[in-house]
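Asks: predicted coordinates and the sequence they were generated for:
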Amino acid sequence: MQLFQPQEVIVERGSEASPIYRNLRAALPRVPFRIVDTISTEKRTEEFGAHTFDAAKKKLLLTRHRGAFLKKCPGSEGQVCCNYFVINFASNCPMDCSYCYLQEYLADNPQLKVFSNVDDLLTEADELLSGHRRFFFRIGTGEITDSLALDPYIGFGREGVPFFAEQPNVLLELKTKSDCIDGLLGLDPKDRVVVAWSMNPQRVIDQEEHGTASVNERLLAARRCQDAGYRLGFHFDPIVEYPNWEIDYEEMLEQIFGIVDWRRISWLSMGVLRDTLSLKRIMRRRFPRTPLVAGEQVLCPDGKLRYFQPLRVDMYRKMLLWIRRAAPTVKVYLCMESREVWEQVFGFAPSCERELGNQLAPSS
Ligand code: SF4
């Protein structure tokens, strides 16, 4: 995987004292840095190129985050939710998947940003976790960015993993399509950190997941994390339907279970391709050759377009069969799916989001 190099790092005054700034300086000696006063949204547009998503991904902005870092995952209306919390330590992503929902979600605020006040982030997490010790949290950092793609420069892992490793009531999930795990290897996660990969067959990666690591690179990285004491996760999301998709997905699952020990996997999730009409318009403009905008989809109650329900159920059942063959008791859940689909795939649906969250908590 080719490492991302920003054209420039723009630093809002006040962020120079942060460890993230020092890490960036050390890791990017040839990239120009520019210190600026606080910049408004309008000024950011000028700095990064008039609202184009492509331009926004090429420069990196280091700034203070002024709101709350921790949020409950918004899930999707009417779908079974897995009771997940998210920490946003950055916004946008240096990679460029054709189906990425950030193209729509961050359309008005697309700058690739990293937040410098990690101390505030950890204080906030400490207050939440220590204030609710009887509650078990799953927290992820990969909602509006990739958890690890920027790690070689910003070193968030080095700041965050030691803190979360000491917490008795959390699993921190670092979700990625990169192989940027070197910064994690010397740390002791104490069984509190899950490194998770979003997986697709190489054919889908080549066609749709631009700038990401290959299947082999992701699995090699997963194996190294497993050997370093991390728990693992895999997300088959988005699962894409095309002629003979079954051959590629079954082969990919065999590859995964041939390389990693399924007993170190904390969870697997499945979710089919989903988008909206507005995201499809953006995809057509930015990725005119993608076949993903051409297939048939139906509008679901949460406003998202998905494959027709019987096709989704069939795809999930097949995936589950191939997973269970290799990993009979690994935890598997569906991402953003209805109770009806859960029942058809697993024979049950969790009664509430807390029940699903508890099922995904470690048993020991
Ligand atoms: S890796 Fe994730 S966040 Fe980054 S472009 Fe792809 S889908 Fe979006």
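Replies: Nice, thanks for sending it over.
Asks: what does the protein have sitting close to the ligand?
Replies: Contact residues (C-beta under 6 Å from any ligand atom) of the chain with the ligand: 93, 95-97, 100, 102, 146, 177, 212. The way it works is simple: take the backbone N, C-alpha and C, and place the C-beta from them, glycine included.
Asks: let's see that with 8 Å instead.
Replies: 92-97, 99-103, 142, 144-146, 149, 176-178, 198, 209-212 (C-beta under 8 Å from any ligand atom).
Asks: now those: which count as buried?
Replies: 92-97, 99-103, 142, 144-146, 149, 176-178, 198, 209, 211-212 (16 or more other C-beta atoms under 10 Å).
Asks: just the strands from the stretch 151-300 of the chain, written as ranges.
Replies: 170-176, 193-198, 209-210, 231-239, 265-272, 298-299 (DSSP state E, counting those that start in this stretch).
Asks: same list (the ones you listed) but as TSV, adding mean pLDDT.
Replies: TSV is the format used below for those (pLDDT from 0 to 100):
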stretch	mean pLDDT
strand 170-176	96
strand 193-198	98
strand 209-210	98
strand 231-239	98
strand 265-272	96
strand 298-299	96
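Asks: what's the closest of the ones you listed to residue 161?
Replies: strand 193-198 (5.6 Å; C-beta to C-beta).
Asks: quick one: contacts of the closest one?
Replies: 142, 148, 161, 164-165, 171-177, 181, 184, 218-219, 221-222, 225, 230-237, 266-267 (C-beta atoms under 8 Å, 6 or more residues apart in numbering).
Asks: rerun at 6 Å
Replies: In this structure, residues lying in contact with strand 193-198 by C-beta atoms under 6 Å, 6 or more residues apart in numbering are 161, 171-175, 177, 218, 222, 225, 230-231, 233-235, 266.
Asks: which of the residues you listed lies closest to the ligand?
Replies: The ligand lies nearest to residue 177 out of the contacts of strand 193-198, by C-beta to the nearest ligand atom, at 4.2 Å.
Asks: quick revisit: taking the residues of the chain next to the ligand one by one, which sit in helices?
Replies: Residues of those located in helices (DSSP state H): 102-103.
Asks: is residue 284 in contact with residue 293, as I believe?
Replies: Yes - Residue 284 is in contact with residue 293 according to C-beta atoms under 6 Å; the separation is 5.4 Å.
Asks: what about these two, which has more around it?
Replies: Neighbour totals were compared for residue 284 and residue 293, and residue 293 leads with 18 against 13 (other C-beta atoms under 10 Å).
Asks: where does this protein dip in pLDDT?
Replies: 39-51, 73-83, 351-359, 363-364 (pLDDT under 70).
Asks: try 90 this time
Replies: Across the chain, the ranges flagged by pLDDT under 90 are 1-3, 37-52, 66, 71-84, 134-137, 142-143, 295, 336, 348-364.
Asks: who's in contact with the residue nearest the centre of it?
Replies: Geometric centre of the chain, nearest residue: residue 142, 3.4 Å, by C-alpha atoms, centre = their mean. Shown in contact with residue 142 (C-beta under 6 Å, 6+ apart): residue 175.
Asks: how about 10 Å then?
Replies: By C-beta atoms under 10 Å, 6 or more residues apart in numbering, the residues touching residue 142 are 86-88, 90, 93, 148-149, 173-177, 196, 198, 235.
Asks: go on, residue 159?
Replies: Counting by C-beta under 10 Å, 6+ apart, residue 159 makes contact with 18-20, 23, 89, 118-119, 121-122.
Asks: now, among the residues you listed, which is nearest to residue 328?
Replies: residue 89 (36.0 Å).
Asks: how many neighbouring residues does that closest one have?
Replies: 24.
Asks: tell me how far it lies from residue 29.
Replies: 23 Å (C-beta to C-beta, to the nearest Å).
Asks: kindly report the same for residue 124.
Replies: Applying C-beta to C-beta to residue 124 and residue 29 gives a distance of 32 Å.
Asks: these two: which has the busier surroundings?
Replies: Ranked by neighbour count (other C-beta under 10 Å), residue 124 and residue 29 place residue 124 first, with 15 against 6.
Asks: who does the lengthiest helix in the chain touch, helix- and strand-wise?
Replies: For the chain, the longest helix by residue count, based on DSSP H, is helix 309-326. On a contact count with 3 or more C-beta pairs under 10 Å, 6 or more residues apart in numbering; DSSP states H and E, helix 309-326 meets strand 231-239, helix 245-259, strand 265-272, strand 298-299, strand 332-334, helix 339-346.
Asks: distance to residue 157 and mean neighbour count added to these, as CSV?
Replies: Output for those, formatted as CSV (distance: least, C-beta to C-beta, whole Å; neighbours: other C-beta atoms under 10 Å):
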stretch, distance to residue 157, mean neighbour count
strand 231-239, 15, 23
helix 245-259, 22, 17
strand 265-272, 17, 22
strand 298-299, 39, 12
strand 332-334, 25, 21
helix 339-346, 33, 16
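Asks: possible to save those as CSV with distance to residue 130?
Replies: Converted to CSV, the helices and strands packed on helix 309-326 look like this (distance: least, C-beta to C-beta, whole Å):
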stretch, distance to residue 130
strand 231-239, 22
helix 245-259, 36
strand 265-272, 23
strand 298-299, 43
strand 332-334, 28
helix 339-346, 34
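Asks: out of these, which comes closest to residue 204?
Replies: That would be helix 245-259 among those, by C-beta to C-beta, at 7.6 Å.
Asks: between that closest one and strand 231-239, how many degrees?
Replies: Here helix 245-259 runs at an angle of 170 degrees relative to strand 231-239 (axes from the mean of the first three to the mean of the last three C-alpha atoms, to 10 degrees).
Asks: quick one: residues in contact with helix 245-259.
Replies: Residues contacting helix 245-259 (C-beta under 10 Å, 6+ apart): 197, 199-204, 215-216, 218-220, 222-223, 226, 232, 234, 236, 239-242, 262, 265, 268, 314-315, 318-319, 321-323, 325-327, 330.
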